[in-house]
Structures are given as C-alpha cells and as structure tokens.
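Asks: sequence plus the predicted model coming up.
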Amino acid sequence: MNHLRVTGGRVLRPDGRVERADVAVDRDEGTIRAVGSPSEVDEAVGGAAAETLDASGSLVIPGLVNAHTHVAMTLLRGYADDKPLDPWLREDIWPAEAELTPDDVEAGAELGAVEMIRSGTTAFADMYFAMDRVADAVDRAGLRARLGHGVVTVGKDEADARADVEESLAVARELDGAADGRVRTAFMPHSLTTVGEEFLREGVAEAREAGIPIHLHANETTDEVEPIVEERGERPIAYAAEIDALGPDDFFAHGVHVDDSEVDRLAEAGTAVVHCPASNMKLASGMAPVQRLREAGVTVALGTDGAASNNDLDVFDEMRDAAMLGKLAADDASAVPAAAVVEMATAGGADALNLPGGRIEAGAAADLTVVDLDAPHLTPVHDPVSHLAYAARGSDVRHTVCDGQVLMRDREVLTLDAEAVQERAANAARDLVERVESA
Ligand SMILES: N[C@@H](CCSC[C@H]1O[C@@H](n2cnc3c(=O)[nH]cnc32)[C@H](O)[C@@H]1O)C(=O)O
Ligand SMILES: [Zn+2]
C-alpha cells in the first residue's frame, strides 16, 4: 500500500470527541485506512513504509468544506463594498463580470484555490461561468468541488436566456467526474427571481432526468422574497417545490428569510441550506434562523460566498461568524454552539454537497486538515473544539490533504506555485479594472 501516516496529533472524530491518534491514509485509494494508536495503525497497515506528516501539538480535523462560493470573485475582492445586494450586483459586480475573460476566471480560481488550501479547505461548491477553467484549476490544485454554470435570464432575450440554461446543463453533464472524479456538478440557476419561471421549469426538468442536483441562491434578501409572494401568493421554498427544485440532493445558498413553513418544507424534502453569515452581514441581508433549521433536521453547511462579499475564503471565520450570528438571531447564547459550527463546516458541508469527506474514520475519503495549536492565541487548550470555532484562523493550518494527496506541507503549498498564482491574479485584476473603467 502506498501509505501516508499523520502522526502524533489529536484527532477530531465524527462523534465530536478529540483523541490522541495516528491516521493512516491509503494514497492510491484516497481513503483513510485506520485511525488509532500507533500500534493499532501499524497492525492495520501491516507495517508498510510511509510518508509521514507530523501532527504533534496539532489537531487533525476533516478538511473544511466551503459549500457556497464564486471562487473567481477573488479578483473582485475589495472592488465594491458597503452596498446592499441588489445595487451591489447591478451597479458594480455584474458590469465588472461582463469584462471577465476565461483566463481571468482561471487566474481567480487558482488564487482562490491557494487561499483555500492554505486555510484548510479541501472541498467547495462554485457557481460561476467559464467553469471548464475552474475545473482545470481544481484539477491542478488537487481539491474537490461541485461546480456549475450560474444562469441569469432577467434582462436577456429568449434566445440568450435559453442558451444560458443550456450551457448550465451542458457544463453539468460534461464536467461531472473531471479531475479523476474529484469534480462533480450541479445545475445552477442563480436564484428564483433572476431566472424566469419557464426557464426554471425546463432546466430543472432536464436536470432531474439526467440525475443532476440543483443549487441556487434562495431567500437571501426580503427584496427577493416579496416579489415571489406578490406574484404567486406563495413563498419561495413553496415555489421551488412547485417547479420540482426541492429535492434531497439539492442545496440552497443563504436561506436567510425563511419562515417556519419553509423550514419544515426544507426538512421534509431533505434539501440542504448553505449558511453564509459573513456575506449576509456585509450586505445586511439579514440573519438566517440556523438554530431553527438545525432543530428541524435540515442539513446546514457553511459558505463564504464570493470574496467580494466576505472578503476572504477562510472557513474558520465562517465558523466563528455562524456561531456569533446564530446566537444573536436566536437571542440565546447557547444557540449554535462550537460543536455545531464545526459539524456544519465538515460533515454538514460534505453531506450538503454530496461529496466524500467530512469525517475522520476508516473508509472515509482522506480529506484532512492539520491545525497547529502551538500559538499564543490558542493557549491553553481547554477544549480544542472551542478553539476551532472561536480562536483559530486559517493561517493556523499546517498541512492540508485531499483525496490522499498532500496539498500543503508545513504551510508550503505543493500543488500550485503560490507566488506565481498570486502575481498572475493581481495582474489580471488590475487589467480587468482598467477595462471596466474604459468600457
Ligand atoms: N451566467 C450569469 C452568471 C451567474 S454566476 C453567479 C452570480 O452570482 C453573483 N453573486 C455573488 N454573490 C452573490 C450573492 O450573495 N447573492 C446573489 N448573487 C451573488 C456573482 O457575482 C455572479 O454574477 C451571467 O452571465 O450573468
Ligand atoms: Zn452567492
């Protein structure tokens, strides 16, 4: 067996316990072979020689999952801030995106990949365009992702709108299984208000036939809920169900303005919600009822959303924001506790995206993050799970492993040339802004 051994650390197990253990990874299979004491692991792997990753003084956790982003928006980080969603998109973001080339998308996706690897994220969901270039970046980076082309039909003529739907379906069919199976796909209408009903119905029907899941922005702002209620006399989640977009493999971003009936429908349907607390705070969209969603049995994952509304891709920040905002939203300091946000960022994310990973146990995908606890801001360690939620940062990540491959060792990214990626992205962003200004 071609074997990687993570040694000397403490390991976060699926039941939330933290125990001293080694982890043996079968690199050919990309799976975890054994978790246990050094001698137990020796026995399980038959003494096979191994590459080792030192985890002493560190915590080994499942690779974090960023379940909703637009990764190439790293190029627009800090480009337009301090506005609500609708004018922010229409006045700043969409005009800039109109000038983005496929090369830019690739440069931004690579930058995002470096940022994610460095902060311990091993899997993400991405809604954008030029997705073949995003898939290439995922392939080179060694990450895992569920990718889709975002469809917008408002303001487009019939032919353009239909072409956008067709492109999303084609991308979902063609890219599924790319990067040695680490890329999976979804049909991704942008939202229930930016895609017209007939296009939603047609696209969803085709996606269903092909077994492709659906991802969209849902109930993000009141501006998005009210027109649906006014026009249809029903709330967005009911509308989603009516057009057959509320299935057990589907996952919706935001779910900020969902009422009790919608929470129950999501739970019954098994549709996951990706909570994006930083984006919701920054755009002043509102507070998602995370505690209520979880109590109802909805799978809740965490997402950063794009870097232009966050402004980074660090899932550690998202854990802390989710805990803080969840308490404020519920008016209860015991709501959304540390263990809950850690679960949302790991198993919850993997379950929402229906991707392997999210749990450190024999047979699971070898997607692991090793967090260095030897730092002043992480001392003392009364409770490592508390530290993950409330005190650790992405920069505390030491090693990142995805699908059994070491993507970062001792804070050095191995799969991409981080410096070159950063320089290319900075140049692409500068040129982009020049084009936007002269357009
Ligand atoms: N094919 C579409 C692109 C859709 S990609 C997904 C879109 O979501 C946008 N976006 C980013 N963050 C948010 C958010 O928080 N809510 C809604 N849309 C967002 C993003 O800028 C991007 O335009 C077109 O040609 O316009
Ligand atoms: Zn988004």
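Replies: Yes, it's here. Ligands and ions are numbered 1, 2, ... in the order given.
Asks: tell me, please, where in this protein the pLDDT is lower than the cut-off.
Replies: Under the criterion pLDDT under 70, no range of the chain is flagged.
Asks: and it, what are its domains?
Replies: 3-62+359-413, 64-353 (automatic domain parsing).
Asks: just the element for the closest residue to ligand 1 within the chain, please.
Replies: Relative to ligand 1, the nearest point of the chain is G150 (2.6 Å; CB to the nearest ligand atom). Bear in mind the C-beta positions are built from the backbone N, C-alpha and C, glycine included. Using DSSP states H and E, G150 sits within strand 144-151.
Asks: could you point out which element follows that strand?
Replies: Sequence-wise, the next helix or strand downstream of strand 144-151 (DSSP H and E) is helix 158-175.
Asks: show me what counts as buried in the top helix by length along the chain.
Replies: In the chain, with assignment by DSSP state H, the single longest helix is helix 418-438. Neighbour counts using 16 or more other CB atoms under 10 Å place A418, V421, Q422, R424, A425, A428, A429, D431, L432, V436 of helix 418-438 among the buried residues.
Asks: which positions in the stretch 201-350 of the chain make contact with ligand 1?
Replies: Residues of the stretch 201-350 of the chain lying close to ligand 1 by CB under 6 Å from any ligand atom are H217, E220, S279, D305, G306, S309.
Asks: related to what we said a few turns ago, among the buried residues of helix 418-438, which ones lie close to ligand 1?
Replies: The subset of the buried residues of helix 418-438 within reach of ligand 1, by CB under 6 Å from any ligand atom, is empty.
Asks: can you say which of the domains of the chain is packed in most?
Replies: domain 64-353 (a mean of 22; mean count of other CB atoms under 10 Å).
Asks: tell me how far the ends of it are from each other?
Replies: When the termini of domain 64-353 are compared using CA to CA, to the nearest Å, they are 12 Å apart.
Asks: quick check: bridge partners of the spatially closest residue to E220 that is not a sequence neighbour?
Replies: Nearest residue to E220 in three dimensions, chain neighbours excluded: H254, at 4.0 Å (CB to CB, 6 or more residues apart in numbering). Beta-bridge pairing for H254 (DSSP bridges): A218.
Asks: report the contact partners of H254.
Replies: 68, 217-220, 273-276, 279-280, 285, 288 (CB atoms under 8 Å, 6 or more residues apart in numbering).
Asks: can you tell me which of those residues end up in strands?
Replies: H68, H217, A218, V273, V274, H275 (DSSP state E).
Asks: quick one: which of the residues you listed is nearest T185?
Replies: The closest of the ones in strands among the contacts of H254 to T185 turns out to be H68 (CB to CB; 15.0 Å).
Asks: make sure that closest one is actually in contact with V273.
Replies: No - here H68 lies out of contact with V273, judged by CB atoms under 8 Å, at a distance of 9.7 Å.
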